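Visitor: need a 3D model of the sequence below.
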Amino acid sequence: MAKYVFLNSMIFSKKQLMVLTLFAIIANFVLAQTPQKFSYQAVVRDASGNLIANKPVGLRVGILQKLPNGTEVFAESHKLQSNSHGLITAEVGGGAAIVGVFNRINWADGPFYIKTEIDPTGGSSYTISGTAELLSVPYALFAKTAAEFKENDPEFKKSVSAAITVQDTARWNAKISGFTEKDPLFAQSVAYGIVAADTVRWNAKLSNYTEIDPLFSGSVAKHIGSADTQRWGNKQNKLVAGAGIKINKDTISSTLSGSTSHYIGEKFGGGVIFYLWKDSAGKEHGLIVSPTDLTNSDWSNITTSVGPGAQSYWDGLGNSNAIVAQSGHVSSAAKQCLDLTLNGYSDWYLPAVSEFYMLANNYIAVARTLAAMPGATQISTAKYWTSTEFAAQNVYSFYILFYENKITHYYKNGYAYAVRPIRAF
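Guide: Coordinates of the predicted model:
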């Protein structure tokens, strides 16, 4: 049997209505017994110093971690009766649990504080409270718990986890920084020669690496550029042979026609190319459709006319910007597109009516590529919004049928049509 007296303090009510003298907490436990508890005793007096004797008393006990106002890891309540000397006695750990489990408190992770709250009328309207640091009993309990605990789960004993040792966890915490590989097969392998500099180059994708092999410098591979690898990434793998050289058929077609190095239906720029052209300087441009629809919505939450800024048949980006700039604008199909970031690109917009018309004209080439793209969805026969305003209350919508591509116009709201963003390059 062990006893420890470790706390002696005065606790005052915040309202100064009553005074509680907490004079001792005594831990009484036998090392062979569970569950563990410790005793709490206090003398309750009123504001005049008179004992509150032979009365029901409500007690709430909380265990706080780290600080006097720290996290409450355990709390319980007691219904007690004071004796003729105003003394109340309770076993902490044996009350009605409110927070946590007493036997699961990690006493090693202290310091801990005990907070007591008392209702001298026997209820749970606590008017007297105080906090004091725990000094010795919980740590004795912790020592007992740590010394006696053994894992008895038969499933655990059969698992790999049962063999984990302190040395293993030390290596994990150190990220194997002190580990030496002793496997003789590994020592004879190519992997044995990999060093930190190699992994840095891989992580950096060889962006700062310069090839100095003289044989490589004299090879055909030296002249492979990023444009070549991009074409390979786009699976332009249909080749024809001529004079011992394999050439991409799409490249031949575009070169002979004097058009572009890209092609309609190409997976590129976050989506699929559906229209191409060159400017007066010979620079290549195109329009790309998103691989998926966005959420169906009204054209805009505003029914009044946007005006000429949103009535272009070909400038979908200008239309979209004019729509979201309208006073009182909150939501729209155009805003969905302008807010979109997809496949690394954030310059999507709602297509103008003629832009959608060009998409419909090249439906087959685009549909083939979409069918091969994981997660992509086909352009359906549903009605799609365009960004072209027709009149104050109406806008153009577009839908693709097997026998015709139909353009019509509908009211701006009250219809939740499909939304398909595009972008330009």
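Visitor: for the stretch 1-150 of the chain, give me the ranges with low pLDDT.
Guide: Across the stretch 1-150 of the chain, the ranges flagged by pLDDT under 70 are 1-35, 136-150.
Visitor: rerun that using 50 as the cut-off
Guide: Low-confidence segments of the stretch 1-150 of the chain (pLDDT under 50): 1-35.
Visitor: ok, which stretches of it are helices?
Guide: Remark: helices assigned in the stretch 1-150 of the chain by DSSP state H, counting those that start in this stretch are 137-148.
Visitor: neighbours of the residue lying closest to residue 287 once chain neighbours are set aside, just the number please.
Guide: Excluding its sequence neighbours, the residue lying closest to residue 287 (CB to CB, 6 or more residues apart in numbering) is residue 275, at 4.2 Å. In short, each C-beta sits where N, CA and C put it, glycine included. If you count neighbours by other CB atoms under 10 Å, residue 275 ends up with 19.
Visitor: tell me which element residue 275 falls in.
Guide: Using DSSP states H and E, residue 275 falls within strand 271-278.
Visitor: in which helix or strand does residue 171 reside?
Guide: Element membership for residue 171 (DSSP H and E) is helix 166-173.
Visitor: what comes up buried for stretch 282-294?
Guide: 286, 287, 288, 289, 290, 291, 293, 294 (16 or more other CB atoms under 10 Å).
Visitor: look at the residue nearest to residue 287 and report its pLDDT.
Guide: pLDDT recorded at residue 275 is 95.
Visitor: what's the average pLDDT for the helix holding residue 171?
Guide: On average, helix 166-173 scores 74.
Visitor: report the backbone C-alpha coordinates of that helix in CSV.
Guide: C-alpha atoms of helix 166-173 as CSV (Å, rounded to 0.1, in the frame of the first residue of the first chain):
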residue,chain,number,x,y,z
VAL,A,166,12.8,0.4,-30.8
GLN,A,167,15.6,0.2,-33.3
ASP,A,168,13.1,0.0,-36.2
THR,A,169,11.2,3.1,-35.1
ALA,A,170,14.5,4.9,-34.6
ARG,A,171,15.4,4.2,-38.2
TRP,A,172,12.0,5.3,-39.5
ASN,A,173,12.2,8.6,-37.5
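Visitor: off-centre distance for the helix or strand just after it?
Guide: Downstream of helix 166-173, the next assigned helix or strand under DSSP H and E is helix 184-187. The chain centre lies 40 Å from the centre of helix 184-187; the measure is CA atoms, centre = their mean, to the nearest Å.
Visitor: ok, now stretch 359-375?
Guide: Taking mean C-alpha positions (CA atoms, centre = their mean), stretch 359-375 and its chain are 32 Å apart.
Visitor: try stretch 324-335
Guide: Taking the mean C-alpha point of stretch 324-335 and that of its whole chain, the gap between them comes to 29 Å (CA atoms, centre = their mean).
Visitor: ends of it, what's the gap?
Guide: One end of stretch 324-335 sits 6 Å from the other (CA to CA, to the nearest Å).
Visitor: swap in stretch 343-352?
Guide: End-to-end for stretch 343-352, by CA to CA: 22 Å.
Visitor: in that stretch, what's buried?
Guide: Neighbour counts using 16+ other CB under 10 Å place 345, 347, 348, 349, 350, 351, 352 of stretch 343-352 among the buried residues.
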